[in-house]
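Asks: fold the following.
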Amino acid sequence: MLKNIVLASTFIAASTASFANPSTLNIYTYDSFASDWGPGPKLEQLFEQQCQCDVKFIAFDNSVTMFNRLRLEGKKAKADVVVGLDQSLIEAAEQAKLFTPATVDLTSLQLPVTWQNKTYVPYDFGSYAFIYDKTKLTNPPTSLKELVERQDLRVIYQDPRTSSVGRGLLLWLNQVYPADQVATAWQTLAKHTVTVGKGWSDTYGAFLKGESDLVLSYRTSPLYHLLNEKNDHYAATVFSEGNVLQIEVAAKLKSSKQGKLADQFLQFLLSPEAQKVISESNVMFAVTDATIEPHYDQLRQQVLTEQTIDTAKITHQQTKNWLSVWQNALAK
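Replies: You can find the predicted model right below:
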């Protein structure tokens with residue numbers, strides 16, 4: 001009898017411990033995604049209801065810092081899933097050999113480009129643009145070349161070494177200008193650049209304080225002001241050369257011990273409820289035809305038909321070379 005009681009007590013204790021310590025899914029991401037106003041907390045709540053697990057977001061300053069940490073950690077990475085890479089980092093990610101294909105159905109994807117890569121799962125997209133106040137700047141530039149050359153425009157952008165947005169401009173400029181003219185273009189732009197900031201938050205904040213006429217951001221940024229502040233003063237440039245496409249992706253690490261749970265989370269990111277949370281919180285477009293909000297849905301359809309510049313095939317070595325040109329040009 002005593003033996004049975006001991007065995008029963010042991011079983012109950014083990015069951016209680018198991019219930020108290022559910023499977024944990026560790027997710028590396030960038031700080032704004034995991035912030036109180038970002039999609040992270042809502043996604044965590046929604047997914048935990050489905051998986052009966054514990055979701056833990058581990059945030060970094062930006063996606064570049066996050067990726068560099070992953071390369072340093074290698075097989076010892078604490079993450080099961082990474083959320084916040086974009087297509088310009090995929091080639092470098094492939095070289096790092098840190099990720100593995102997911103069991104995920106991509107048939108619901110609707111993007112400006114065809115996507116079949118199951119290792120890197122898109123969860124939102126947009127395009128880079130320069131944002132300006134329509135009440136203050138009545139003759140905005142209509143091309144990237146005009147923006148670079150007009151010395152009457154005060155410009156702020158982000159450091160391409162630390163910001164994915166800044167890296168977008170690096171790729172953009174190198175797609176528009178011939179190689180032998182890129183350094184001169186950077187020097188010309190530098191003459192009317194107010195500052196090159198570390199990340200998006202501080203640079204956009206400086207713009208809102210009136211420190212520049214234009215700031216590098218996203219095509220969707222005016223939607224934030226319209227829907228959250230009821231302010232329709234802000235607009236985004238649409239350049240004749242095309243705006244650079246950004247597709248944010250999530251991926252499962254090879255070293256993850258939660259493979260099935262990671263697959264489940266990646267599939268969850270494409271669900272209508274997750275897409276709505278991500279689009280509205282990240283102020284980006286849904287990667288499926290999920291209904292988000294009339295302004296989002298209308299602008300998304302417009303962007304799907306606009307000329308965009310896909311940088312997915314740009315190699316890591318090319319990016320490194322272009323960074324060197326940028327640094328040398330600004331040092332002169």
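Asks: so what's the residue count around residue 33?
Replies: Neighbour count of residue 33, defined by other CB atoms under 10 Å: 24. For the C-beta atoms, the positions are set from N, CA and C on the backbone; glycine is no exception.
Asks: export the strand or helix carrying it as PDB, just CAs?
Replies: If you go by DSSP states H and E, residue 33 is part of helix 31-34. Extracted in PDB, the C-alpha atoms of helix 31-34 (Å, rounded to 0.1, in the frame of the first residue of the first chain):
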ATOM      1  CA  ASP A  31      13.600  44.800 -30.700                       C
ATOM      2  CA  SER A  32      10.600  46.600 -32.300                       C
ATOM      3  CA  PHE A  33       9.000  43.200 -33.200                       C
ATOM      4  CA  ALA A  34       9.200  42.000 -29.600                       C
END
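Asks: quick check: what element follows it along the chain?
Replies: Taking DSSP H and E, what comes next after helix 31-34 is helix 40-51.
Asks: quick one: list the elements packing against that next one.
Replies: Counting contacts by 3 or more CB pairs under 8 Å, 6 or more residues apart in numbering; DSSP states H and E, helix 40-51 packs against helix 31-34, strand 54-60, helix 259-268, helix 272-282.
Asks: again, only using 10 Å
Replies: Judged by 3 or more CB pairs under 10 Å, 6 or more residues apart in numbering; DSSP states H and E, the packing partners of helix 40-51 are strand 24-30, helix 31-34, strand 54-60, helix 259-268, helix 272-282.
Asks: closest to residue 79 out of these?
Replies: strand 24-30 (4.1 Å; CB to CB).
Asks: so what are the sheet partners of the closest one and their directions?
Replies: Counting by DSSP bridges, the strands paired with strand 24-30 are strand 54-60 (parallel), strand 81-86 (parallel).
Asks: per-residue pLDDT, residue 201?
Replies: For residue 201, the model assigns a pLDDT of 86.
Asks: tell me how many other residues crowd it.
Replies: 16.
Asks: related to what we said a few turns ago, average model confidence for the helix holding residue 33?
Replies: In this model, helix 31-34 has an average pLDDT of 91.
Asks: run the chain-centre distance for it.
Replies: 10 Å (CA atoms, centre = their mean, to the nearest Å).
Asks: how about the helices and strands packed on helix 40-51, which one is nearest residue 70?
Replies: So among the helices and strands packed on helix 40-51, strand 24-30 is nearest, using CB to CB, at 6.8 Å.
Asks: and that closest one with helix 40-51, angle?
Replies: Per axes from the mean of the first three to the mean of the last three CA atoms, to 10 degrees, the angle that strand 24-30 makes with helix 40-51 is 160 degrees.
Asks: can I get strand 24-30 in CSV? Just the C-alpha atoms.
Replies: The C-alpha coordinates for strand 24-30 follow below in CSV (Å, rounded to 0.1, in the frame of the first residue of the first chain):
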residue,chain,number,x,y,z
THR,A,24,9.6,26.3,-24.8
LEU,A,25,10.1,27.9,-28.3
ASN,A,26,13.0,30.4,-28.3
ILE,A,27,12.7,33.1,-31.0
TYR,A,28,15.4,35.6,-31.9
THR,A,29,14.0,38.8,-33.4
TYR,A,30,14.7,42.5,-33.5
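Asks: in that strand, what's buried?
Replies: 25-30 (16 or more other CB atoms under 10 Å).
Asks: picking that back up, any chance of a markdown table for the helices and strands packed on helix 40-51, columns distance to residue 143?
Replies: Shown next, in a markdown table, are the helices and strands packed on helix 40-51 (distance: least, CB to CB, whole Å):
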| stretch | distance to residue 143 |
| --- | --- |
| strand 24-30 | 30 |
| helix 31-34 | 30 |
| strand 54-60 | 34 |
| helix 259-268 | 38 |
| helix 272-282 | 28 |
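Asks: okay, those, which one's buried deepest?
Replies: When you average the neighbours per residue for each of those (mean count of other CB atoms under 10 Å), strand 24-30 leads with a mean of 22.
Asks: what ranges do the strands span in the stretch 151-300 of the chain?
Replies: With DSSP state E, counting those that start in this stretch as the criterion, the stretch 151-300 of the chain has strands at 155-158, 193-197, 214-218, 234-236, 243-253.
Asks: can you list contacts of the fourth one?
Replies: Meaning strand 234-236. 127-135, 137, 140, 207-208, 214, 217-226, 243, 299 (CB atoms under 10 Å, 6 or more residues apart in numbering).
Asks: pLDDT weak spots in this structure?
Replies: Applying pLDDT under 70 to the chain picks out residues 1-22.
Asks: the longest strand in it is where?
Replies: Taking DSSP state E as the criterion, the chain has its longest strand at strand 120-133.
Asks: helix or strand right after it?
Replies: Following strand 120-133 in sequence, per DSSP H and E, is helix 144-149.
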